[in-house]
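Participant: Predicted model, plus sequence, below.
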Amino acid sequence: MPINPKFKALLKDPKIKFTIILGSGFHKQGLIEDTILSSWEMLLRRLNPDCILTGEYHLDFEKIIESKKIPCEDSYKTEERLIQCVQKLIKEEQEKVLSNGNHCYPIEIFNPEKVSDVISLNFDKIPEIILKSRDGIQFKENINDSSFSKLKNKDTKKSGSKDTYAYVSTKHNIVEFNDVENIRFWYPHGNIDNNNKIILGLHRYSQMLEVAIRLRNHHMQHKRSEQEDNTWYYRLIQNPVLILGAGISSTEWDMWFALTSRNRANGYKLPVFQMRECECKKDAQHEWFQPLFTGMDFDQQWKQLEELFKSK
């Protein structure tokens, strides 16, 4: 059967809503040709056309930092310059895509009757912008109602600052479809609104792992007192998960920590489904995630998913 029967059963349950982890494959499907939104390789080559890319793009970015370092400049300053460049490039590409209208994004997957949260691993905000252009849809930005962002970091002693990773990682936007239905959009790796918190290099990824560990501990404290707190971590473990257009690389430690913690300690049995083309591999993702569809290419899967999620 091309549709995973477990996914099909959950889809029919009116009480179930999914959390989507959204990757650059969303742009690969929605755009006529590859751009820096759909291709990490193209983005990194815009930073350094001569770089040798290995496919381990977070490590490749570290090499680009080395190659672009100015004499007597601290590496973190070089990284900041490059991240500002990434922000500028993606902002320009986002504006270009939205202004020329030459796209066919599978936007129907964002049905608030089926989806409660989107955890975007992309730095752009195109899905939200397209959605809020529709009649009757309201939009709220930079919401942070989590008590986690107010906790003091044991090393920095900072709390509540909008410059901390704790604050950025629990900040979200809300697309309101009507009085009762909405979808939250989370950007744990940052977005173009704040270049200081875009996560590309391994040093920043290591900081995100520390945040994920703190999020997990924070969640467990609330769970013991039978409370809940609104964070991307909570939304990831509370719902069945759809990984769409994304491969979770081995260096995305915060995502792996959250996904493995949900199985390891919390006893959640709701599955994690992944959109992928081939079941012949025996890698970590094939072991941890169930296929969403089988015997279908990516184009067919996106179209099938849109049809399944389309509002009736």
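Facilitator: Good, I have the coordinates. Numbering: from 1, shown residues only.

Participant: can you give me the strands for the protein?
Facilitator: Remark: strands of the chain, listed N- to C-terminal, are 18-22, 115-120, 138-143, 172-176, 182-186, 241-244, 272-274, 290-291; assignment by DSSP state E.

Participant: weakest of those strands in terms of mean pLDDT?
Facilitator: Among these, strand 138-143 has the lowest mean pLDDT, at a mean of 86.

Participant: Just the buried residues of it, please?
Facilitator: In terms of neighbour count (16 or more other Cβ atoms under 10 Å), strand 138-143 has no buried residues at all. For the C-beta atoms, the positions are set from N, CA and C on the backbone; glycine is no exception.

Participant: ok, which stretches of the stretch 201-312 of the chain are helices?
Facilitator: Using DSSP state H, counting those that start in this stretch, the helices assigned to the stretch 201-312 of the chain run over residues 202-224, 232-238, 253-264, 284-288, 298-309.

Participant: Could you tell me the least trusted of the ones you listed?
Facilitator: With a mean of 77, helix 284-288 has the lowest mean pLDDT of the helices of the stretch 201-312 of the chain.

Participant: Burial-wise, tell me which of the helices of the stretch 201-312 of the chain comes out on top.
Facilitator: The highest average neighbour count among the helices of the stretch 201-312 of the chain, using mean count of other Cβ atoms under 10 Å, belongs to helix 232-238 at a mean of 23.

Participant: Just the angle for the longest helix anywhere in the chain relative to helix 202-224, thanks.
Facilitator: Taking DSSP state H as the assignment, the helix of the chain that covers the most residues is helix 75-100. Computed by axes from the mean of the first three to the mean of the last three Cα atoms, to 10 degrees, the angle separating helix 75-100 from helix 202-224 equals 80 degrees.

Participant: Could you list every helix and strand that helix 75-100 packs against?
Facilitator: The elements that helix 75-100 packs onto, with contact taken as 3 or more Cβ pairs under 8 Å, 6 or more residues apart in numbering; DSSP states H and E, are helix 40-47, helix 57-68, helix 126-132, helix 202-224.

Participant: same thing but at 6 Å, please
Facilitator: When contacts are defined as 3 or more Cβ pairs under 6 Å, 6 or more residues apart in numbering; DSSP states H and E, helix 75-100 packs onto helix 57-68.

Participant: re earlier: for the longest helix of the chain, what is the distance to the chain centroid?
Facilitator: Put simply, helix 75-100 sits 17 Å off its chain's centre (Cα atoms, centre = their mean, to the nearest Å).

Participant: now stretch 276-290
Facilitator: The gap between where stretch 276-290 is centred and where its chain is centred comes out at 19 Å by Cα atoms, centre = their mean.

Participant: cool, and stretch 105-119?
Facilitator: 13 Å.

Participant: Now do that stretch: distance from first to last residue.
Facilitator: Across its full length, stretch 105-119 reaches 17 Å between end residues, using Cα to Cα, to the nearest Å.
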